[in-house]
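Colleague: dropping the sequence and predicted coords here.
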Amino acid sequence: MQQDGLILELQQGNEKAFERIYQLYSESTYGIIFSIVKDEGIAEEVLQDVFMKIWNNASSYSPDKGRFFTWILNIARNASIDKIRSKSYKNKKQNLKADNFVDILEHKSNFSATIDAIGIKKYINILEPVCKKLIDFLFFKGFTQKETAEELGMPLGTVKTRNRVCIQKLREIVA
């Protein structure tokens, strides 16, 4: 079954199609979630939530708006960010060790896995270091612009402007 047919069957409520989509996408989706929440148990919980959202909102996917995998990753990213911004998560993570905050760009393992999973590594690597850092914080770690400004020691307005410029550069590279 081709992907378009599989997606159509999912949108029609076919459970077998949903199972196949889970088999195809759960591992890479889990990788994205884990790179944000950094906790296996929470990542598994968010993964379940993400696939429930996929099942419940399959009809909202439109190929005109982008690739199916990108749609899934946006759901995963948003669910992960919602989770780490939740009060229960913050209370649980109050006493994290410092190594959880090591910049993943410098160690590259999580960042490379994340950007490889969504197929944009070759594009991200072309960008200048400040863009890599901003994209890492804002999109892969789920930081707000204010949190990113504090982490990088930049004025908030500079983060906002550079983010727009970096995303525009990424769009031009990908196009």
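Modeller: Received it, and whenever you're ready, just let me know what you need.

Colleague: contacts, neighbours, all on C-alpha from now
Modeller: OK.

Colleague: what about the chain, any weak spots by pLDDT?
Modeller: Residue ranges of the chain with pLDDT under 70: 1-2, 87-121, 175.

Colleague: would you confirm that residue 159 contacts residue 149?
Modeller: Yes - when contacts are counted by Cα atoms under 8 Å, residue 159 is listed as touching residue 149 (6.0 Å).

Colleague: which non-adjacent residue is nearest the residue positioned nearest the centre of the chain?
Modeller: Residue closest to the mean C-alpha point of the chain, counted by Cα atoms, centre = their mean, is residue 77 at 3.6 Å. In space, and not counting its chain neighbours, residue 77 is closest to residue 33: 6.5 Å by Cα to Cα, 6 or more residues apart in numbering.

Colleague: which of the three states applies to the one you found?
Modeller: Under DSSP: H, G, I helix; E, B strand; the rest coil, residue 33 falls in the helix class.

Colleague: do residue 142 as well
Modeller: coil.

Colleague: tell me what the strand or helix carrying residue 84 is packed against?
Modeller: Under the criterion of DSSP states H and E, residue 84 resides in helix 68-85. For helix 68-85, the packing partners by 3 or more Cα pairs under 8 Å, 6 or more residues apart in numbering; DSSP states H and E come out as helix 15-37, helix 40-57.

Colleague: re earlier: more neighbours, residue 159 and residue 149?
Modeller: Set side by side, residue 159 and residue 149 show more neighbours around residue 159, with 23 against 19, by other Cα atoms under 10 Å.

Colleague: can you tell me the element that one falls in?
Modeller: Assessed by DSSP H and E, residue 159 sits inside helix 156-174.
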